[in-house]
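> Next input, structure requested:
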Amino acid sequence: MGNSGVGGGSSGTSAGQAPAARGAAPRRGPVVAALMLGMALAALDGTIVSTAVPQIVGDLGGFSVFSWLFSGYLLAVTVTLPVYGKLSDTFGRKPVLIAGIALFLVGSLLCAGAWNMASLIAFRVVQGLGGGALQGTIQTIAADLYPLDERPKIVSKLSTVWAVSAVAGPAVGGLLAAYADWRWIFLINLPVGAVALWLIARHLTEPARERGPRARVDWPGALAVFVTGTLLLTALVQGGVAWPWLSAPSLGLFAGAAAGAAVTVVVERRAAEPVIPGWVWRRRTIAAVNLALGALGLLMVAPTVFLPTYAQSVLGLGPIAAGFVLSVMTLSWPVSAAYANRVYTRIGFRNTAIIGIGTATLVMLAFPLLLPYPGEPWQPALIMLLLGAALGFFQLPLIVGVQSTVPWAERGTTTASVLFCRQVGQSVGAALFGALANAVLAARLGGSGDLDSVARSLAGGGAGPEEHLRHAVATAVDYVYVGAAGAGVLALLVLVFLAPRTFPVITEKPQV
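Predicted coordinates:
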């Protein structure tokens, strides 16, 4: 691997890493299996639960608040990512991952025993508190396991877990809800998680660390991050849904989030070991990747949130077929990621990511500009296939690249900051594009209706008087895709003007 392509100066990947990697290989198999099982727990969670919502609501009631089954989990995962990242750098990956898996399993067991919707939502939050450790720490251990030139192997495997989960999750959830009981959706996590726990406890070894002063945990900073993130994400998730954007609850939550952010900055500046250290934003490479992945979160809202509605309301597909139209993106993504290293070893992380996001932006624009109305299902499926391939070339080089610019003791914090920005980007995108779609629908329908209500009215199929509703939904989703393409342009500008031409890669042997 040439230094000019990936790193700068003498900081590229050295051949001396290969023997160390080969020597560590016999220990990696069980650990990789555990990481894949742990990733499966997190990846299956959303898709497997979504298909059982009717059965859950029918048993427990609470239809008006069932969306918090997902929002509560997302909030807990997002706001804990920075905390777990710092803890993994301070105390090691192993104890954090074990605690995260155990907490996730406790939450799963509690969810299976929920007696009403309120208790189920509360227990989903407990699950999310464990899920934050799963997402961040697994990605960090993956970077610890492999040297730079081999890292795409593990990233591709973890991406494949997400792809399989996207396809299998709805089917498994539907089968369990229909032929067993919705509570098995949560109980099935227990054996999978138990195996992952055993493999991690038995096979994951970390290097002995020098004894020094007792590590100090920035609990005030962790609490400030948690409260601020919760207020902000609650405002984004519920605004325009549970209450109007300009209502007292929305304005109060945004004001509270702004005040919390100010308090967080003050607390973190005074902390000896801050949860979100200032260098995360002072270092050009990390700041650029954070912003670019935040823009990716915005972009991803269009296919993941709005494409299923488009497929069912405009194309007239059933839920399973609509899910397949989306899932093809998750099939091409890991394949593309597996080959990305052949590109970034030649032209660098930044240039590879530029190619990926530039192509993805053009693909997003193809949705409103090239798709006929109403079109055939294979047409949006083809666009999603191309989108997945493009994003594989965008996300993987940035994550692998930024992880390679920091030493072991900073990798957990760095990885968590990237994932945190992507999650926040998704929440912002859901609120922003949701408001955009509803505004377009209101304009097309004379000021009445929103996307959810129109989609429900079209659920029975048919044409004639409903055709104008289908046109309205198609137009609204077109505008969302144009907005998502704008997020792609934003990411492209960040890479061109902020990201360094070559990432300052640090040569470091695998640490586990």
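
> Check the offset of the helix or strand hosting residue 344 from the chain's centre.
Under the criterion DSSP states H and E, the helix or strand holding residue 344 is helix 319-347. Relative to the chain's own centre, helix 319-347 is displaced by 15 Å; criterion: Cα atoms, centre = their mean, to the nearest Å.

> in it, what's buried?
322-334, 336-338, 340-341, 343-345, 347 (16 or more other Cβ atoms under 10 Å). (C-beta placed from N, C-alpha, C; glycine too.)

> Compute the inter-axis angle for whichever helix or strand comes after that helix and helix 319-347.
Counting by DSSP H and E, the element after helix 319-347 in chain order, helix or strand, is helix 349-370. Per axes from the mean of the first three to the mean of the last three Cα atoms, to 10 degrees, the angle that helix 349-370 makes with helix 319-347 is 140 degrees.

> Check which helices and strands helix 349-370 is in contact with.
With contacts defined as 3 or more Cβ pairs under 8 Å, 6 or more residues apart in numbering; DSSP states H and E, helix 349-370 has these neighbours: helix 284-301, helix 319-347, helix 378-403, helix 467-497.

> Indicate which one of those is closest to residue 173.
helix 319-347 (11.0 Å; Cβ to Cβ).

> element containing the closest residue to residue 66 other than its chain neighbours, please.
Among residues not flanking residue 66 along the chain, residue 57 sits closest, at 5.5 Å (Cβ to Cβ, 6 or more residues apart in numbering). Assigned by DSSP H and E, residue 57 belongs to helix 53-60.

> Distance from whatever helix or strand comes next after that helix to the middle of the chain?
Downstream of helix 53-60, the next assigned helix or strand under DSSP H and E is helix 68-91. Helix 68-91 sits 12 Å away from the centroid of its parent chain (Cα atoms, centre = their mean).

> check contacts around residue 400.
Listed by Cβ atoms under 8 Å, 6 or more residues apart in numbering, the contact set of residue 400 reads 143, 148, 151, 152, 155, 341, 344, 349.

> can you do 6 Å?
residue 151 (Cβ atoms under 6 Å, 6 or more residues apart in numbering).

> again, but for residue 474
Neighbours of residue 474 in contact, by Cβ under 6 Å, 6+ apart: 314, 373.

> For the residue positioned nearest the centre of the chain, which non-adjacent residue is closest in space?
Residue closest to the average C-alpha location in the chain (Cα atoms, centre = their mean): residue 423, at 5.5 Å. What sits nearest to residue 423 in space, not counting adjacent residues and going by Cβ to Cβ, 6+ apart, is residue 78, at 4.2 Å.

> pretty sure that neighbour is in contact with residue 425, am I right?
No - counting by Cβ atoms under 6 Å, residue 78 does not reach residue 425; the two are 10.5 Å apart.

> Low-confidence stretches in the chain?
Along the chain, segments meeting pLDDT under 70 span 1-27, 46, 167, 208-215, 319-320, 447-450, 455-465, 508-512.

> tell me the domain ranges of it?
17-205+273-497, 219-272 (automatic domain parsing).

> Tell me which of the ones you listed approaches residue 507 most closely.
Nearest to residue 507, of all those, is domain 17-205+273-497, at 7.0 Å by Cβ to Cβ.

> Report the distance from the closest one to the chain centre.
3 Å.

> if we can go back for a sec, out of the domains of the chain, flag the one nearest residue 506.
Among the domains of the chain, domain 17-205+273-497 sits nearest to residue 506 (Cβ to Cβ), with 6.1 Å.

> helices or strands next to the host helix or strand of residue 443 in the packing?
Using DSSP H and E, residue 443 maps to helix 408-444. For helix 408-444, the elements it packs on are helix 68-91, helix 117-145, helix 219-238, helix 284-301, helix 451-457, helix 467-497, judged by 3 or more Cβ pairs under 6 Å, 6 or more residues apart in numbering; DSSP states H and E.

> and those helices as a markdown table, adding distance to residue 390?
Shown next, in a markdown table, are the helices and strands packed on helix 408-444 (distance: least, Cβ to Cβ, whole Å):
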| stretch | distance to residue 390 |
| --- | --- |
| helix 68-91 | 25 |
| helix 117-145 | 21 |
| helix 219-238 | 27 |
| helix 284-301 | 11 |
| helix 451-457 | 26 |
| helix 467-497 | 9 |
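
> List just the one of those helices that sits closest to residue 175.
helix 68-91 (19.2 Å).

> by contact count, what packs against whichever helix or strand comes after that closest one?
Downstream of helix 68-91, the next assigned helix or strand under DSSP H and E is helix 93-112. Counting contacts by 3+ Cβ pairs under 6 Å, 6+ apart, helix 93-112 is packed against helix 68-91, helix 117-145, helix 184-187, helix 189-203.

> can you list the ones you listed in a markdown table and add mean neighbour count and distance to residue 161?
Putting the helices and strands packed on helix 93-112 into a markdown table (neighbours: other Cβ atoms under 10 Å; distance: least, Cβ to Cβ, whole Å) gives the following:
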| stretch | mean neighbour count | distance to residue 161 |
| --- | --- | --- |
| helix 68-91 | 25 | 17 |
| helix 117-145 | 24 | 10 |
| helix 184-187 | 21 | 18 |
| helix 189-203 | 17 | 12 |
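
> Nearest to residue 97, out of the ones you listed?
The nearest among the helices and strands packed on helix 93-112, by Cβ to Cβ, is helix 117-145 at 4.5 Å.

> Name the next helix or strand downstream of the closest one, please.
That would be, after helix 117-145 and using DSSP H and E, helix 151-179.

> so how many other residues sit close to residue 504?
Residues near residue 504, counting by other Cβ atoms under 10 Å, number 18.

> again, but for residue 467
By other Cβ under 10 Å, 11 other residues sit near residue 467.

> For residue 313, see how far away it is.
Going from residue 467 to residue 313 by Cβ to Cβ, to the nearest Å gives 12 Å.

> Residues in contact with stretch 376-390: which ones?
Residues outside stretch 376-390 that contact it (Cβ under 6 Å, 6+ apart): 315, 325, 328-329, 332-333, 336, 356, 359-360, 363, 366-367, 371.

> actually stretch 291-303, not the one I typed
Residues from elsewhere that reach stretch 291-303 (Cβ under 6 Å, 6+ apart): 418, 421-422, 425-426, 429-430, 433, 480-481, 484, 487-488, 490-491, 494-495.

> List the single closest residue to residue 305 in space, sequence neighbours excluded.
residue 430 (6.0 Å).

> helices or strands up against the host helix or strand of residue 265?
Using DSSP H and E, residue 265 falls within helix 248-270. For helix 248-270, the elements it packs on are helix 219-238, judged by 3+ Cβ pairs under 6 Å, 6+ apart.

> burial measure for residue 262, as a count.
12.

> gap between it and residue 249?
Distance of residue 262 to residue 249, computed by Cβ to Cβ: 21 Å.

> What is the burial count for residue 390?
Residue 390: 25 neighbours (other Cβ under 10 Å).

> ok, and what's touching stretch 483-502?
Contact with stretch 483-502 is made by 7-8, 284-285, 288, 291-292, 295, 298-299, 302, 348, 350, 353-354, 357-358, 360-361, 364-365, 433, 436, as judged by Cβ under 6 Å, 6+ apart.

> Centre of the chain to that stretch, how far?
19 Å.
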